[in-house]
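J.: let me see the structure of the following:
(2 chains)
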Amino acid sequence: MAMPVEMEERGKVGALIEKATNSTAAEVDPRLLKAIKSVVRFSDSELRLAAHTLMDLMKRDHSQVRYLTLLVIDELFMRSKLFRTLLVENLDQLLALSVGFRRNMPLPAPPAIASTLRSKAIEFLEKWNASFGIHYRQLRLGFDYLKNTLRFQFPNLQETAARIERERRERERRTREILQSKFETLKMNFSSVKEEIQATVDEIGECLDIVRTKEEGVPHVLLDDEDFVEFRSSELRQIRLDSLKEGEKVHENSDNKVVFDALRELYKLLVTKHLVSVQEWISLLVRVEVADNRSRDSMLKELIDIRNSLMSVKKDCEESGCTLPKTLNKNKEEEEDFWEEGNFGLTENGSTTEPEKRREVQSSNIEKKSKSVEDWNSKKSNKQSGNLAIVSASCKVKAKDKECSSSKGKECSGSENSVRSELLAEAPVLRWGSFMDNWGSVSNKDTLLNQKGLEFDNHWGRVDYDAVIPAEKIAELNLQAILYQENLGEIQPCRAPLKKGGLCQRRDLKVCPFHGPIIPRDDAGNQINQNSSTDDTDPGLGSDLAEQLAKQAVKNVRERAKEDVRKRKLDKHSLQREKLARVREHNDAVLRDAAIASTSRSTVFGEDMGETVGENPVGRNKLTLASMLRKKFTTKDRLARRLLNTRAAKATLRQMTQGEDVTYRDAFPNQ
Amino acid sequence: MWKDIGDREMGKIRPNSFSNRIKSNRISSLQLSNNKDIVSPHRGSINSLQVDLTEGRYLLSGASDASAAVFDIQRATNYEGDGLIAKHKCLFSVDKQHQKGHKYAISSAIWYPVDTGLFVTGSYDHHIKVWDTNTTQVVMNFKMPGKVYRTAMSTLATSHMLIAAGTEDVQVRLCDISSGAFAHTLSGHRDGVMTVEWSTSSEWVLITGGCDGAIRFWDIRRAGCFLVLDQSQSQLGQRPPVLARSAANKVSVSKSLSAGQNLLVKSRVPQKKYANGHGMKQSTIGRMPSKGSARQRLHPGMLSTQDRATAHYGAVTGLKVTDDGMYLLSAGSDSRIKLWDLESGYNTLVNFGKVRLQASKAIQLAVSQDSAQVFVPCMAVVKAFDVWSGKMSLTFRGHYESVNCCWFSSQDQELYTGGNDRQILVWSPSKPITDDTNGRQAKDEDSWSD
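T.: This is a model prediction of the structure:
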């Protein structure tokens, strides 16, 4: 009973492997793989057979088969000890077949799959060596050989993974440390901060109180007057209602201006500083890991309370209707109020630092500009060296002008207007260009490339923060670029005499396409010969004539020679054409013969084709292993085949006729 | 095995036979050793390997990068993988950096046979150098006329300290360590001499194999060579004593037995006469020195036909004399291995099957003790053949490129092989099951997930 089962099984694993590797897919069919594993798992003989079959399959002359086989091998190799021992015996062969490192045994056909096969094999070898190398000297040897002798590039998966893991852990540790330190500082001045916030909230409350009490004094006189007017459309009514509502709100006037100012100030403080920082603290507390959870929780609770109260106060403020500074002023506020007093230890990281940086950059730019102008000045005009101080001052003033557009600056610049205008009068007017940015300054310093305040990290991979643009490159970049401008002069007309009268009015730079080079001509269109003045006068007319005649003669001779040459060429052409025609004729004849000879066969062939197609309609577009190897047929191939066919047919024809002859002769020897 | 031990205790088996039995058992189970790694410091192919003959402990290797190294094969320098893998790093190595080191590839590195205080290296830079092991300094330097292919020292010698050197040159030179000069120049080969080997039965007899395919025997006390092996002269089959010896009775190769062999040979000679038409004369050529007269008569003007005899078509690339000095194994670039009966000088016609041997380089054969097995580097594998039947018994697969040399350490029954892939591999008997099941063996097990 056991024997037949075994026999059946024996065939089974071979068939399974055969089936699994006979596919064009990039993966082994997982169900087949599972079947193979389950069959092999319980029987050592099956395993041996499998190893044998797999090694045989590795010898197939097809990379796809080898590739799938290798995948199966890897599956079994990672699982079975017996399989490993069987396989490492012939490891050099396996590697030669999968990596193809032996020159006399390159990997077989589809080259794309061959390359994936190679990379996969190398990857597998590394994996095997990492996990089982200690038990199998052969694995170590193979790995060592490929790595150190043949210098194959191993993917080094493990090491890479370890490195990434290490980096990640490092990053986490750093963030944890930062959080920890922040938490410590927060714990230190938690009470003071709380008090501060409380004070602000209280002040706001007081301000609101004041405003509300004042509000009661405002009379609602206007309401009655406007009741008269009829409003037809609902929209208009809506507008009216809105305006009424608006009217109910407290409006700012000269009386309560102070209060409103204070309120505005406090609101700003509340929104931009306290609320933000409280939010930050909450997130910090949520993220931080500390030993005593209790204090943290209590702090968190308090902070959430504070936030809620802040939110409600904020709402109150907004409802109170004072025209609160909105988006328009916000930027300015951020820059001026918040950041100037904001040497707050806790809000120094992340995006909040960016405005500051930007500001720094701006100011430094401005400085630079003013400095460069100074430099230029000092170079340009030595005589004005006395004014230098003033000039530079004016520049600085100008810079300030930009920053705060107050009337203060105007006053300052007013006094120095004369100097400025003088300088302006002298200054060259240039088109704008980036070279202006550091006009006249000769910077020998290399510029750091990746320190411009943008966080490149994590967007484009690792960033080299020390990358430097060398000074000469920067100088190159800052060269003044000028577009070439040609100065267009008047282009002279050709002025050659025309047949129908008049002069040619074409304007060309040098050569007129109809009348040759443009030369100075008189009003009638005759050329004014420059050297005629020397030539013409002395030898007189006769010599001129002779010369002309000689020229004519030479011309005639040349023309004749040319004619001859042309004739010869024509002859040659016609000869060639004749030859070609003959060849074509011959070809035609051959093709005709072929057509006649191959008709019967080709019809049969066509029928055959039809039959096969009819039998297996899917067979055509189904991908098979052989189809991967097959070349695409080109027209050339087809023609070649066709010609071959005709030749063969001719040959058979000849033979047959010969045979007939012979039989004829045999039959009638007397004749 | 336990039965054998019992038998030995009872006196049923002689101790010698018992140990031989165990040794041959171990040899038949040689395989690539997983727990003994020799860390090769060489950057070129290993051309020569030898374990010292006194202690059987120090392995000397010579490589193509002009370096030679010495390893302690008994004691590992460090362990890896929880003590599973013993790494044997070289004790020292001399290479091009050494101020008096060789310039080009070392083709041969051998120990001084008496102790491990000296070793000799021959190189393609035309020099043979004698090194002091302890100071790693060159103590003697011989300039040769051409590339040195092989050097050899006699293991038996008590009255001379000669290094026989086979070089590109047609002459074989003997370098005398005691005087530092060439003692002999042996001429007779018509081409370079690939391999030299001293006889293991007489300290005066030197065997050389040349690129001209000749194997010549020299008695260094006399001029000229006294024997050229001829592949066309063969004796059919093995001589009976060989059969007798290779059968059960491997006790010892005693003098009395060999005397008996001689008798048997003589009794068989007449038959041979009929068999291949060669007379007694040739068979007496091989007689060792005692029978000088016959050889004397033949030798200086040896018949030119004899002088032109060849042992192989193509070059003779490897020679190895069996331990008892009665047989010679030769390998040629014609991919043949031949076993010669030194007694008669005949080819024994043992068929070693179809093998492929490296043709361009000298190869180093190894013979197991009691000459049962010969280890032959056949391209990337090493094959073990039964010496008497020529049957292949084992194949050692592990090198990734051609193997150049192998050495069998009869003390540990270990085989060392060195090849073009710069590795020195150790092949040791598979260990009997040891009782370390403490986790690290458990790692290499089946792990079926489904």
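
J.: tell me the helix or strand right after the one helix or strand A:Phe83 maps to.
T.: A:Phe83 belongs to helix A:81-89 when elements are defined using DSSP states H and E. Secondary structure here is assigned by DSSP H and E; on that basis, the next helix or strand after helix A:81-89 toward the C-terminus is helix A:91-98.

J.: next structured bit after that next one?
T.: Moving toward the C-terminus from helix A:91-98, the first helix or strand encountered (DSSP H and E) is helix A:111-132.

J.: next, the angle from that following helix to helix A:91-98.
T.: Between the axes of helix A:111-132 and helix A:91-98, defined by axes from the mean of the first three to the mean of the last three Cα atoms, to 10 degrees, the angle is 150 degrees.

J.: and B:Thr185, that's in a helix?
T.: No: when classified by DSSP: H, G, I helix; E, B strand; the rest coil, B:Thr185 is found to be strand rather than part of a helix.

J.: any idea what it is bridged to?
T.: Beta-bridge partners recorded for B:Thr185 (DSSP bridges): B:Arg173.

J.: find the nearest non-adjacent residue to the residue of the stretch 201-350 of chain A found nearest chain B, please.
T.: Per Cβ to the nearest Cβ, the residue of the stretch 201-350 of chain A with the smallest distance to chain B is A:Glu289, at 35.6 Å. C-beta: built from backbone N, CA, C; applies to glycine. With sequence-adjacent residues excluded and distances taken as Cβ to Cβ, 6 or more residues apart in numbering or on different chains, A:Glu289 is closest to A:Arg176, at 6.7 Å.

J.: so that neighbour sits against A:Leu284, correct?
T.: No: counting by Cβ atoms under 8 Å, A:Arg176 does not reach A:Leu284; the two are 11.7 Å apart.

J.: and these two? which has more neighbours close in?
T.: Taking other Cβ atoms under 10 Å in any protein chain shown, A:Arg176 and A:Leu284 do not tie; A:Leu284 has more neighbours (20 against 13).

J.: dump the residue contacts of the more buried one.
T.: Under the criterion of Cβ atoms under 8 Å, 6 or more residues apart in numbering or on different chains, the contact partners of A:Leu284 comprise A:Leu179, A:Lys182, A:Phe183, A:Leu186.

J.: now render those residues as a markdown table, adding pLDDT, distance to chain B and secondary structure.
T.: Formatted as a markdown table, the contacts of A:Leu284 follow (pLDDT from 0 to 100; distance: Cβ to the nearest Cβ, whole Å; DSSP: H, G, I helix; E, B strand; the rest coil):
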| residue | pLDDT | distance to chain B | secondary structure |
| --- | --- | --- | --- |
| A:Leu179 | 85 | 41 | helix |
| A:Lys182 | 85 | 45 | helix |
| A:Phe183 | 83 | 44 | helix |
| A:Leu186 | 82 | 50 | helix |
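
J.: what residues does the stretch 251-400 of chain B have near chain A?
T.: If contact is defined as Cβ under 8 Å from any Cβ of the partner chain, the residues of the stretch 251-400 of chain B in contact with chain A are B:Ala380, B:Arg397, B:Gly398, B:His399, B:Tyr400.

J.: those residues: which two are farthest apart?
T.: B:Arg397 and B:Tyr400 (9.9 Å; Cβ to Cβ).

J.: comparing these two, which residue is more hemmed in?
T.: The residue with more neighbours, out of B:Arg397 and B:Tyr400, is B:Tyr400; 24 against 18, by other Cβ under 10 Å.

J.: helix, strand, or coil at the more buried one?
T.: Going by three-state DSSP, the secondary structure assigned to B:Tyr400 is coil.

J.: just the pLDDT for it.
T.: Per-residue confidence (pLDDT) for B:Tyr400: 88.

J.: surely it and A:Tyr145 touch.
T.: Yes: at 4.5 Å, B:Tyr400 and A:Tyr145 qualify as touching, with contact defined as Cβ under 8 Å.

J.: shared neighbours of these two, which are they?
T.: Taking Cβ under 8 Å, 6+ apart as the contact definition, B:Tyr400 and A:Tyr145 share the neighbouring residues B:Asp421, B:Gln423.

J.: which residue, neighbours along the chain excluded, lies closest to the residue of the stretch 51-200 of chain B found nearest chain A?
T.: For the stretch 51-200 of chain B and chain A, the shortest gap (Cβ to the nearest Cβ) falls at B:Gly81, measuring 4.1 Å. Spatially, and ignoring its direct neighbours in sequence, B:Gly81 is nearest to A:Ile134 (4.1 Å; Cβ to Cβ, 6+ apart).

J.: give me the neighbour count for that neighbour.
T.: The burial count for A:Ile134: 20, using other Cβ under 10 Å.

J.: correct me, but it touches B:Asp37?
T.: No: counting by Cβ under 8 Å, no contact exists between A:Ile134 and B:Asp37, whose distance comes to 11.1 Å.

J.: which residues do those two both contact?
T.: Counting by Cβ under 8 Å, 6+ apart, the contacts common to A:Ile134 and B:Asp37 are B:Glu80, B:Ile85.

J.: still on that earlier bit, the residue nearest to B:Gly81 in helix, strand or coil?
T.: With three-state DSSP as the basis, A:Ile134 sits in coil.

J.: per-residue pLDDT of it, please?
T.: Predicted confidence (pLDDT) at A:Ile134: the value is 83.

J.: could you give the number of residues near B:Ser360?
T.: Counted by other Cβ under 10 Å, the residues lying close to B:Ser360 total 8.

J.: that one is in what secondary structure piece?
T.: B:Ser360 belongs to no helix or strand when assigned by DSSP H and E.

J.: and it, what does it touch?
T.: Applying Cβ under 8 Å, 6+ apart to B:Ser360 gives the contacts B:Ser333.
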